[in-house]
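J.: The amino acid sequence is not available; the structure is as follows:
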């Protein structure tokens, strides 16, 4: 790592104290860019990296709302508009008690390059609140969403910033947010994605991230002359991404044997398929946030306070949250013969874990490449909204599959071009960077 990059990382840490997730995202990314700067000194002289690590706009605001008992609560709202060089800001809203500025900056920073890789005209952004929708009534969630949008509406728009859902923000929340935006602006526009199918949404959007991860994993395995068919797969989480992964792995002839939650993980030797996939929806809609119920329902093994990565599998797909797979987990997967790790969540692997996968030369893809299917389908929803035309499921799925194949091929070709063949991390970081950097140069000092 060059002195220039080391200095940049030190400055990011100094300017953004107490934001370890953001520090990690920047360090993982800029570690790939040294070789690019050697070939393209114009990026360094134009201070592209220094501009990239500073959001174009950071918005924070209070969100007062009233519960069903008449008590007033105050939460904090955020929107990080990180980079708009290639299109309007695009990225989800997350409602969860863990939400803070550092987590949203890490997510927004990753979103810049994820969106770039899709080839669709979308910049990078992220937002949310420390509000917890779990255990709240529909009316409480509605009142919160309306209060949240009362401030957010002045900063977003179909050609400015197009939020979507994320953890804690599903179809219900998007509906309430959109309804309030429509009332405040007196217009019906594609300002949010993840909308209901009967008012501008896109087919397969809930499953899209999970489907895209599996399509990406399939392409990775093809480089070794293999496929998902016949493979055993460890999956973490049980939300939208995991749900889509389980569906698509099963369709392609693989077998998912684990799901996980904050309480631990389940091991189902017979595989999560059929009615068990439908049961995931019940788990997700419950307020329990736990997978132990699955074990009781289907007589599977339940391992409390443990992670799914100790199971012997061919493929691992982390779909839960950041830093859920550390160095010790990576060692277990490698020891047990895992041949492919394809990230479904945002930055689920620690820097140590990623380094171990690279050293072991197993197939390993970063989330900014392999989980781009969700935002890619959001981009397709934006296109449908602009044309006022819905596409059938088959067309959306076909376009998604082609986008994921294109991202995979771009990552491999770019990694090879810059001297690290087979390194998906470098390929994704560099390919995502080049498009954004060139756009920034074209547009001048803004």
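T.: Nice, I can see it. Model, not experiment: these values are computed from the prediction. Numbers count the residues shown, from 1 in each chain.

J.: Dihedrals phi and psi, the closest residue to residue 253 other than its chain neighbours?
T.: Spatial nearest neighbour of residue 253, excluding adjacent residues (Cβ to Cβ, 6 or more residues apart in numbering): residue 229 at 3.5 Å. Just so you know, the C-beta spots here come from the backbone N, C-alpha and C atoms, and that holds for glycine as well. With angles defined as degrees, to the nearest 10, residue 229 sits at phi -60, psi 130.

J.: distance of residue 229 from residue 405?
T.: Counting by Cβ to Cβ, to the nearest Å, the gap from residue 229 to residue 405 is 17 Å.

J.: between these two, who's got more neighbours?
T.: residue 405 (15 against 12; other Cβ atoms under 10 Å).

J.: which SSE is the more buried one in?
T.: Secondary structure assignment for residue 405, by DSSP states H and E: helix 393-417.

J.: Counting by contacts, list what that helix packs against.
T.: For helix 393-417, the elements it packs on are helix 101-117, helix 205-222, helix 367-370, helix 373-387, helix 424-443, judged by 3 or more Cβ pairs under 8 Å, 6 or more residues apart in numbering; DSSP states H and E.

J.: Need the per-residue pLDDT for residue 349.
T.: Looking at residue 349, its pLDDT reads 97.

J.: Could you give the number of residues near the closest residue to it other than its chain neighbours?
T.: Excluding its sequence neighbours, the residue lying closest to residue 349 (Cβ to Cβ, 6+ apart) is residue 325, at 4.6 Å. By the criterion of other Cβ under 10 Å, residue 325 has 28 neighbours.

J.: do the same with residue 420
T.: Other residues near residue 420 come to 17 when the count uses other Cβ under 10 Å.

J.: partners of the longest strand belonging to the chain, with directions?
T.: Longest strand of the chain, by residue count under DSSP state E: strand 72-83. With DSSP bridges as the test, strand 72-83 is paired with strand 57-66 (antiparallel), strand 123-129 (antiparallel).

J.: These: which one's closest to residue 279?
T.: Nearest to residue 279 among those is strand 123-129; the distance by Cβ to Cβ comes to 28.1 Å.

J.: re the thing from before, quick check: which of the helices and strands packed on helix 393-417 is buried the most?
T.: Neighbour counts (mean count of other Cβ atoms under 10 Å) averaged over each of these peak at helix 367-370, with a mean of 28.

J.: Show me how far that one is from its chain's centre.
T.: Put simply, helix 367-370 sits 8 Å off its chain's centre (Cα atoms, centre = their mean, to the nearest Å).

J.: quick one: average pLDDT of it?
T.: Per-residue scores along helix 367-370 average to 96.

J.: Wait, a strand at residue 347?
T.: No. Counting by DSSP: H, G, I helix; E, B strand; the rest coil, residue 347 is not part of a strand but coil.

J.: Measure how buried it is and give me the count.
T.: Using other Cβ under 10 Å, residue 347 has 25 neighbouring residues.

J.: For it, list the residues it contacts.
T.: By Cβ atoms under 8 Å, 6 or more residues apart in numbering, the residues touching residue 347 are 21, 24, 25, 28, 106, 110, 322, 323, 366, 367.

J.: of all those, which comes closest to residue 157?
T.: Lowest distance from residue 157 to those (Cβ to Cβ) belongs to residue 110, with 23.1 Å.

J.: which ones are touching the spatially closest residue to the closest one that is not a sequence neighbour?
T.: Once flanking residues are discounted, residue 110 sits nearest to residue 368: 5.2 Å by Cβ to Cβ, 6+ apart. Going by Cβ under 8 Å, 6+ apart, residue 368 touches 110, 113, 114, 117, 346, 428, 429, 432.

J.: hang on, the fifth one packs against residue 322?
T.: What that stands for is residue 346. Yes. The pair residue 346 / residue 322 is scored as a contact, 6.0 Å apart, by Cβ atoms under 8 Å.

J.: Overlap of the contact sets of these two?
T.: Residues touching both residue 346 and residue 322 by Cβ under 8 Å, 6+ apart: residue 106.

J.: Between those two, which has more neighbouring residues?
T.: Using other Cβ under 10 Å as the criterion, residue 346 and residue 322 rank with residue 346 on top: 24 against 21.

J.: who's in contact with that one?
T.: So residue 346 contacts 106, 107, 110, 321, 322, 367, 368, 371 (Cβ under 8 Å, 6+ apart).

J.: surely residue 255 meets residue 231?
T.: Yes. Counting by Cβ under 8 Å, residue 255 does reach residue 231; the two are 7.3 Å apart.

J.: what sits in contact with each of the two?
T.: Counting by Cβ under 8 Å, 6+ apart, the shared contacts of residue 255 and residue 231 are residue 249.

J.: Domains in the chain, by residue range?
T.: Per the record, the chain has its domains at 3-187, 206-365, by automatic domain parsing.

J.: Now render these as JSON lines, adding distance to residue 414.
T.: Converted to JSON lines, the domains of the chain look like this (distance: least, Cβ to Cβ, whole Å):
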{"stretch": "domain 3-187", "distance to residue 414": "10"}
{"stretch": "domain 206-365", "distance to residue 414": "13"}
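
J.: on contacts alone, who are the packing partners of the helix or strand encompassing residue 13?
T.: Using DSSP H and E, the secondary-structure element containing residue 13 is helix 3-15. Contact partners of helix 3-15 among helices and strands, from 3+ Cβ pairs under 8 Å, 6+ apart: helix 20-30, helix 34-39, helix 48-52.

J.: So which residue is smack in the middle of this structure?
T.: Nearest residue to the geometric centre of the chain (Cα atoms, centre = their mean): residue 346, 4.5 Å.

J.: any idea how far it is from residue 32?
T.: Look at residue 346 and residue 32: by Cβ to Cβ, they are 17 Å apart.

J.: Likewise for residue 288?
T.: On the measure of Cβ to Cβ, residue 288 and residue 32 end up 40 Å apart.

J.: Comparing those two, which residue is more hemmed in?
T.: Using other Cβ under 10 Å as the criterion, residue 288 and residue 32 rank with residue 32 on top: 24 against 13.

J.: Do I have it right that the more buried one meets residue 430?
T.: Yes. Between residue 32 and residue 430 there is a contact at 5.6 Å, judged by Cβ under 8 Å.
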